[in-house]
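Participant: This is a predicted model, with the sequence first.
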Amino acid sequence: MTHLWIRAESRRNEERTGVTPDGVAALVKHGFRVTVEDCPKRILRPQPFADAGAEIAPKGSWPEAPRDAIILGLKELPEADTPLIHRHIMFGHAYKGQSAGARLLKRFAAGGGSLYDLEYLIDDTGRRVAAFGYWAGYAGAAVSLLAWAAQGDGKICPPVTTWDDADELKDALRAALDPVPRASVIVIGAKGRVGSGARDLCTELDLPVTAWDMAETARGAPFPEILDHGIFLNCILATQGVPVFVPPEARTTERALRVIGDIACDPDSPFNPIPLYHEATSWSAPVARVNDAPPLDIMAIDNLPSLLPRESSHDFAQQLLPHLLTLDALDTGVWGRAHETYLKHKPKDAT
């Protein structure tokens with residue numbers, strides 16, 4: 001019997017889950033055994049999971065799970081050097097040269113476990129099968145709009161925390177934006193998941209949106225049109241060939257631009273299309289001010305979907321569930337491809 005163990009998240013401010021009670025019911029009906037760790041901060045409480053057929057285990061008890069259990073989480077494991085004996089499904093952040101990733105891979109190699117990285121669950125066309133992109137865009141646009149509102153009051157964006165749902169978020173935004181001039185917004189990458197979320201929130205708030213995608217940026221930099229908008233939302237990953245959207249000299253150029261929401265958020269990349277900053281921002285300090293007169297703030301939070309844990313959990317879980325139902329054929333399909341990716345990055349001296 002396939003045993004799926006849903007662990008509690010250890011990262012601060014992380015309330016999301018990759019499986020909902022409805023998903024548990026579907027997995028149990030399919031013949032799976034499901035264990036869900038108790039997690040007081042999870043947006044969904046334990047009892048509905050139990051009602052759906054899950055066993056409830058203490059928070060953080062996954063290291064003692066049966067060896068054949070498949071451990072599912074979203075974000076990183078607690079820092080340690082202990083060997084990992086289980087098969088883990090999570091965002092490992094281990095394949096792009098990250099120092100913490102190398103440590104994680106050594107733990108898997110030492111224990112004989114395996115990583116099935118959620119970022120590398122792809123179908124036979126190479127497209128990711130489950131992603132938080134839409135709600136990253138939605139929340140990233142929200143924080144950028146809060147930065148605009150704060151500027152209008154002569155301040156800098158205050159700390160942010162989770163909203164219970166999207167309606168609560170929009171109510172808060174309307175109240176913040178009401179006293180300040182209406183922003184014009186340009187979204188680059190508007191046709192993707194991230195860009196769709198950013199564009200939808202702005203539209204729901206009746207803000208004028210210029211939607212750009214590959215066709216509009218194909219000519220290459222410079223893009224003076226960006227400087228004509230109050231807010232620029234970047235939804236394009238930093239990869240080779242992506243042009244610079246806002247160069248460093250834009251700080252002191254005459255511009256309407258006051259807020260950049262770098263939702264893609266890849267400040268360490270040599271291909272960063274917004275080379276005005278070098279570190280991600282945070283919930284406690286959502287923006288970095290890179291120019292004072294006129295002001296220019298950059299929002300670059302790297303865990304934006306966590307600000308809307310309810311919607312992002314339900315959306316992601318719905319995308320992931322059809323593939324979880326195939327875990328009884330772990331060597332095939334998306335799981336087989338994810339395991340091949342792990343093997344390519346497994347430490348070479350590991351057996």
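Facilitator: On my side now, so go ahead.
Participant: for the lowest-mean-pLDDT helix or strand in the chain, packing partners?
Facilitator: Every helix and strand in the chain was compared by mean pLDDT, DSSP states H and E; the lowest is helix 99-111, with a mean of 91. Counting contacts by 3 or more C-beta pairs under 8 Å, 6 or more residues apart in numbering; DSSP states H and E, helix 99-111 is packed against strand 114-117. (Each C-beta comes from the backbone N, C-alpha and C, glycine too.)
Participant: Which strands border the strand it packs on, and is each parallel or antiparallel?
Facilitator: strand 87-90 (parallel) (DSSP bridges).
Participant: So what touches the partner strand?
Facilitator: Residues outside strand 87-90 that contact it (C-beta atoms under 8 Å, 6 or more residues apart in numbering): 18, 70-77, 108, 113-118, 330.
Participant: Quick one: buried ones out of the residues you listed?
Facilitator: 18, 70-77, 108, 113-118, 330 (16 or more other C-beta atoms under 10 Å).
Participant: Where do the helices of the stretch 251-351 of the chain begin and end?
Facilitator: Chain-ordered helices for the stretch 251-351 of the chain, with DSSP state H, counting those that start in this stretch as the definition, fall at 309-324, 333-345.
Participant: so which of the ones you listed is the most packed in?
Facilitator: helix 309-324 (a mean of 20; mean count of other C-beta atoms under 10 Å).
Participant: For that one, give the mean pLDDT please.
Facilitator: Mean per-residue pLDDT for helix 309-324: 98.
Participant: Tell me where the longest helix sits in the protein.
Facilitator: helix 133-152 (DSSP state H).
Participant: can you give me the offset of it from its chain's centre?
Facilitator: 15 Å (C-alpha atoms, centre = their mean, to the nearest Å).
Participant: With stretch 108-123 instead?
Facilitator: 18 Å.
Participant: what about the residue of the chain positioned farthest from its centre, distance to P294?
Facilitator: Distance to the chain centre peaks in the chain at E254, reaching 33.4 Å (criterion: C-alpha atoms, centre = their mean). Taking C-beta to C-beta, to the nearest Å as the measure, E254 and P294 are separated by 9 Å.
Participant: And D268, by the same measure?
Facilitator: 27 Å.
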